[in-house]
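Quick check, what structure comes out for this input:
(one chain, ligands or ions: 1)
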Amino acid sequence: MPNLGFGIDIGGSGIKGAVVDVETGLLTTERLKLPTPQPSVPDAVAKVVVELVQHFGWQGPLGCTFPAVVQNGVARTAANVDQSWIGTNIEAVMGTATGLPVTAVNDADAAGVAEVKWGAAKDVEGLVIMVTLGTGIGTALFYNGTLIPNSELGHIELDGGDYEPKASGAAREREQLSWEKWARRLQRYFSALEFLLRPTLFVVGGGVSRRSEKFLPLLVLDARIVPAKFQNEAGIAGVAFMAAEAAATRSKASQRA
Ligand code: BGC
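Predicted structure coming up:
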């Protein structure tokens, strides 16, 4: 019997969930994607989360990624979701709505956890930078496999402004950029990260990582740059694992008490 968990990836345009084997990171069900309600206020998003939990009949620890800085379950920023999230305890909102114990973390951090544990960054020493290219640009930093949470390197300022709206996956679609044109912006972005942080490896995730052969070969960097093994499912896998771990830690602590 696989050890199962459940992950939900809350994004600016879609909310996706699936059951995950938390020993391997593999999804054991189809992934269900529902549109993010607009405006993406907490109550409306919680309703979609409940719908996903009910669809899969899930009972157990629930992992939720969120596209923002998340500290102790509380959203601290809101770049691509409704501003009313700032200061909202995501774990409390989703916990009340679903009746399940909830772990909420930044979406790129969760994706990176899956890649470090089972994927493209497994056993890689030194600094690994996961970059997710979707509605926004998410980043996760790992040093010798340990997460340094809540980096926001998607918003570094280059050429006079926040670079996220120039280089994200959404920017490519919005401006209908050719792969070559988009890759020139990515080159500017990854070169800046490399200059500042000198990673050993970049792992590129987000929906567009499925088509990595179109743009990764165009980038020239000293560090290796590879697509995420779990592509756009890394966040679901990573957060399901993190929620299962948090539940195990809580149960050990209560046994000791
Ligand atoms: C947010 C990050 C998030 C990323 C990907 C950015 O706009 O600031 O917290 O990880 O989008 O969703």
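
quick one, what contacts residue 208?
133-134, 169, 172, 215 (Cβ atoms under 8 Å, 6 or more residues apart in numbering). From N, CA and C alone the C-beta is placed, and that goes for glycine too.

In strands, which of the residues you listed fall?
Counted as lying in strands by DSSP state E, out of the contacts of residue 208, are residue 133.

Switch the contacts of residue 208 over to TSV; also include distance to residue 247, neighbour count and pLDDT.
Formatted as TSV, the contacts of residue 208 follow (distance: Cβ to Cβ, whole Å; neighbours: other Cβ atoms under 10 Å; pLDDT from 0 to 100):
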residue	distance to residue 247	neighbour count	pLDDT
133	31	26	97
134	28	27	95
169	32	19	96
172	38	21	97
215	38	20	98
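
so how many other residues sit close to whichever residue of the chain sits closest to the ligand?
Across the chain, the shortest distance to the ligand (Cβ to the nearest ligand atom) belongs to residue 136, at 2.5 Å. Burial measure for residue 136: 25 neighbouring residues, criterion other Cβ atoms under 10 Å.

go on, residue 35?
Around residue 35 sit 10 other residues, with neighbours defined as other Cβ under 10 Å.

picking up where we left off before, and the residue of the chain closest to the ligand, what does it touch?
Residues counted as contacts of residue 136 (Cβ under 8 Å, 6+ apart) are 12, 67, 79-80, 154, 164, 168, 170.

Which residue is the nearest non-sequential neighbour of it?
The spatial neighbour of residue 136 that comes closest, neighbours along the chain excluded (Cβ to Cβ, 6 or more residues apart in numbering), is residue 80 at 4.9 Å.
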